[in-house]
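> Provide a 3D model corresponding to the input given below.
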Amino acid sequence: MVKYADAVFHALADPTRRLIVERLAEGPATVSELARPLPMSLPAVVRHLRILQDSGLVRSSKTGRVRTCRLDRDVFDDAASWFGAQRRHWETRLDRLGEFLDSSDDE
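Sure, this is the predicted structure:
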């Protein structure tokens with residue numbers, strides 16, 4: 001299971017944080033670059049980034065006065081694996097339900 005599943009899903013539940021993640025999917029960006037297109041203050045963006053960092057989705061590094069953020073793709077891979085396992089589980093259950101319903105039609 002995803003190491004920090006609750007934190008990851010909480011982080012991705014917010015549309016602003018999803019926009020930040022979509023931007024970071026294009027490559028690393030500074031906090032200022034991430035904040036520029038968003039209709040909120042820089043401190044508000046920093047709070048969103050903190051939630052993303054706490055979830056493990058985003059990592060940042062500081063050089064001088066510039067903080068650069070990037071995605072941690074391993075966390076996304078873990079989440080994708082979890083979703084894949086859930087999908088396989090439910091597809092199997094639905095297949096068995098379909099087989100049961102088909103067999104009950106024959107009776």
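> quick one, what contacts the residue nearest to residue 54 when sequence neighbours are not counted?
Once flanking residues are discounted, residue 54 sits nearest to residue 7: 6.0 Å by Cβ to Cβ, 6 or more residues apart in numbering. For glycine as for every other residue, the C-beta is placed from the backbone atoms N, C-alpha and C. When contacts are counted by Cβ atoms under 8 Å, 6 or more residues apart in numbering, residue 7 touches 54, 55, 56.
> From what I see, the last one and residue 76 are in contact.
To tie it back to what came earlier, the one meant is residue 56. No. Counting by Cβ atoms under 8 Å, residue 56 does not reach residue 76; the two are 9.8 Å apart.
> what's the helix or strand for the residue nearest to residue 54?
Residue 7 belongs to helix 5-12 when assigned by DSSP states H and E.
> Looking at the spatially most central residue of the chain now. What's its pLDDT?
Compute the mean C-alpha point of the chain, and by Cα atoms, centre = their mean the closest residue is residue 12, 4.9 Å away. On pLDDT, residue 12 comes in at 93.
> hmm, back to that, pull out the buried residues from the helix holding residue 7.
Neighbour-count burial for helix 5-12, counted by 16 or more other Cβ atoms under 10 Å, picks out 7, 8, 11, 12.
> returning to that earlier point: now, of the contacts of residue 7, which are buried?
For these, buried by 16+ other Cβ under 10 Å: 55, 56.
> which ones are touching the residue nearest to the centre of the chain?
Taking Cβ under 8 Å, 6+ apart as the test, what residue 12 contacts is 18, 21, 55, 57.
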